[in-house]
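*Asks:* Task: produce atomic coordinates for the following.
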Amino acid sequence: MINVFHIVSHKNWTGAEEYAYGLTTKLRNDNDFYVEVVCRKHKTVLTHFRRLEIPISILPLKGITDLDSPMRFARLLRKGHNVVHVHTFHDAFAAVMARRMSENPNTRVVMTVHGICKPNSNYLYRKLYRSIDHYIFASQLAYDTWVNSFKKFDRSRASTIHESVMENPFAEPAIDLRQRLAVEPSQTLILCHGRICPEKGIDVLLRAASQLNRNSFKLAIVGEGKQKYVSELKGFIVEKQLVRNVSLLGFQENIADIIKQCDFGVLPSVEPEAYGISNLEYMMQGKAHISTNNGAQTEYVTDGKNGILVEPQNHFSLAAAMKNLIEDEAMRNRIGNRAKADFDDHLSYDVFYRQVTDLYKSLF
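*Replies:* Purely as a prediction, here's the structure:
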């Protein structure tokens, strides 16, 4: 049996926590593994992981100057075959120090790099990089950006493993979107979900929506963001007389149930996506969606086949793509069916989980 420890130190629920949550959800029922979460004492994160009824170790996890955390964590690593899976370089320092203190040669440190970034040239970071046994990148774009910037990097220590999504078994039933938004039978229900921030292009989406026939659609925007930006969006909605068409619904836990209710999705990111996990959430539910072509989305979304790709920040092309999907139900169904088939074939969570656990086993 391999002991797997996922370290997550953010106080908020981010993509890294969601990634670890999915893996621990599956690992807890896998007889080949024992799984434990190591985190800080933050209510939001603890509430999620406590649902899984798995062991949780609470540590300060304050970074490189924190010696208490690795000393306490080292006690858990003194026996057995251990994989310490970290999701930030901040936590990698604690993992590497704990392994050294444990004096157990059968402990490996795995790092998932969330995002598109380049290595830090600082001496301490370079030393840390050499101490990590294996790196996981969510996309080839993220892999190439990081690895190609690292001189003399041993590429056998890095893998591209496309992340995936699964439905949350603990999520409460979602709101009835069509009833809540008073969607008419003749109207198309469009959904956009994720962080409400300029990088996600929500303002571009609203400019595109302002060009559409007001009688043809309702747009639901799900997610949270900084109040200043949200206020600007609300001002635009009023200015362009979109109040009856666009609704900002805030955070909704059961996003899978929300997506099932829409006719198609829109993800208009203006910054390159390291992978674009939200795209997969539409594909898993067999829904057509529109995305931008400026990141790793192009590694699994083929324009016109299992999704629609548009140029970022171009609200004219986005509006045209939305108009086409509003008016052509057959196109929506064709794209959605192909998206579902592609997800089930090579993008599902089972495929992702098998690749990660095979990697764990290969380290010993």
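
*Asks:* Break down the chain into its strands, ranges please.
*Replies:* Counting by DSSP state E, the chain has strands at residues 2-8, 33-39, 56-58, 81-86, 107-113, 134-137, 158-160, 188-193, 217-222, 246-250, 264-267, 288-292, 308-310.

*Asks:* which residues are in contact with the fourth one?
*Replies:* Contacts with strand 81-86, where a contact means Cβ atoms under 8 Å, 6 or more residues apart in numbering, come from 1-7, 20, 23, 76-77, 92, 94-95, 98-99, 104, 106-112, 360, 363-364. C-betas here are computed from N, CA, C, even on glycine.

*Asks:* Kindly report the same for the second one.
*Replies:* Residues from elsewhere that reach strand 33-39, judged by Cβ under 8 Å, 6+ apart: 1-9, 20, 23-24, 27-28, 45-46, 49, 54-59, 61, 73, 76, 357, 360.

*Asks:* likewise the fifth one?
*Replies:* Identification of contacts with strand 107-113 by Cβ under 8 Å, 6+ apart yields 16, 19, 77, 81-87, 89, 92, 95-96, 99, 131-138, 142, 146, 359-360, 363-364.

*Asks:* Could you do the first one as well?
*Replies:* Under the contact criterion Cβ under 8 Å, 6+ apart, strand 2-8 has outside partners 16-17, 20, 23-24, 27, 32-39, 45, 57, 61, 73, 76-77, 80-87, 91, 94-95, 360-361, 364.

*Asks:* Return the list of strands paired to it, each annotated with direction.
*Replies:* The strands beside strand 2-8 in its sheet (DSSP bridges) come out as strand 33-39 (parallel), strand 81-86 (parallel).

*Asks:* Determine which stretch of those is the most buried.
*Replies:* Among the strands paired with strand 2-8, strand 81-86 has the highest mean neighbour count (mean count of other Cβ atoms under 10 Å), at a mean of 24.

*Asks:* how far is it from where the chain is centred?
*Replies:* 21 Å (Cα atoms, centre = their mean, to the nearest Å).

*Asks:* How are the helices of the stretch 251-364 of the chain distributed by residue range?
*Replies:* Shown for the stretch 251-364 of the chain, the helices assigned by DSSP state H, counting those that start in this stretch span residues 255-261, 277-284, 315-327, 329-342, 349-362.

*Asks:* Now do the shortest one: which elements does it pack against?
*Replies:* This points to helix 255-261. The contact analysis (3 or more Cβ pairs under 8 Å, 6 or more residues apart in numbering; DSSP states H and E) places helix 255-261 against helix 177-180, strand 188-193, strand 217-222, helix 277-284.

*Asks:* Same list (the helices of the stretch 251-364 of the chain) but as TSV, adding distance to residue 117 and mean neighbour count.
*Replies:* Formatted as TSV, the helices of the stretch 251-364 of the chain follow (distance: least, Cβ to Cβ, whole Å; neighbours: other Cβ atoms under 10 Å):
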stretch	distance to residue 117	mean neighbour count
helix 255-261	26	20
helix 277-284	17	25
helix 315-327	28	18
helix 329-342	28	17
helix 349-362	21	16
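
*Asks:* got TSV for these, with mean pLDDT too?
*Replies:* As requested, the helices of the stretch 251-364 of the chain are exported to TSV (pLDDT from 0 to 100):
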stretch	mean pLDDT
helix 255-261	96
helix 277-284	97
helix 315-327	98
helix 329-342	98
helix 349-362	98
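
*Asks:* Looking at those, spot the one closest to residue 151.
*Replies:* In terms of Cβ to Cβ, the element of the helices of the stretch 251-364 of the chain nearest to residue 151 is helix 349-362, at 24.5 Å.

*Asks:* Dump the C-alpha coordinates for that closest one into CSV.
*Replies:* Below are the C-alpha coordinates for helix 349-362, written out as CSV (Å, rounded to 0.1, in the frame of the first residue of the first chain):
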residue,chain,number,x,y,z
TYR,A,349,-12.0,11.5,-14.5
ASP,A,350,-11.3,7.8,-14.6
VAL,A,351,-8.7,8.3,-17.3
PHE,A,352,-7.1,11.1,-15.3
TYR,A,353,-7.2,9.1,-12.0
ARG,A,354,-5.6,6.1,-13.6
GLN,A,355,-2.8,8.2,-15.0
VAL,A,356,-2.1,9.8,-11.7
THR,A,357,-2.2,6.6,-9.7
ASP,A,358,0.0,4.8,-12.2
LEU,A,359,2.5,7.6,-11.7
TYR,A,360,2.4,7.2,-8.0
LYS,A,361,3.2,3.5,-8.4
SER,A,362,6.0,4.1,-10.9
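
*Asks:* I'm done for today, thanks for sticking with me.
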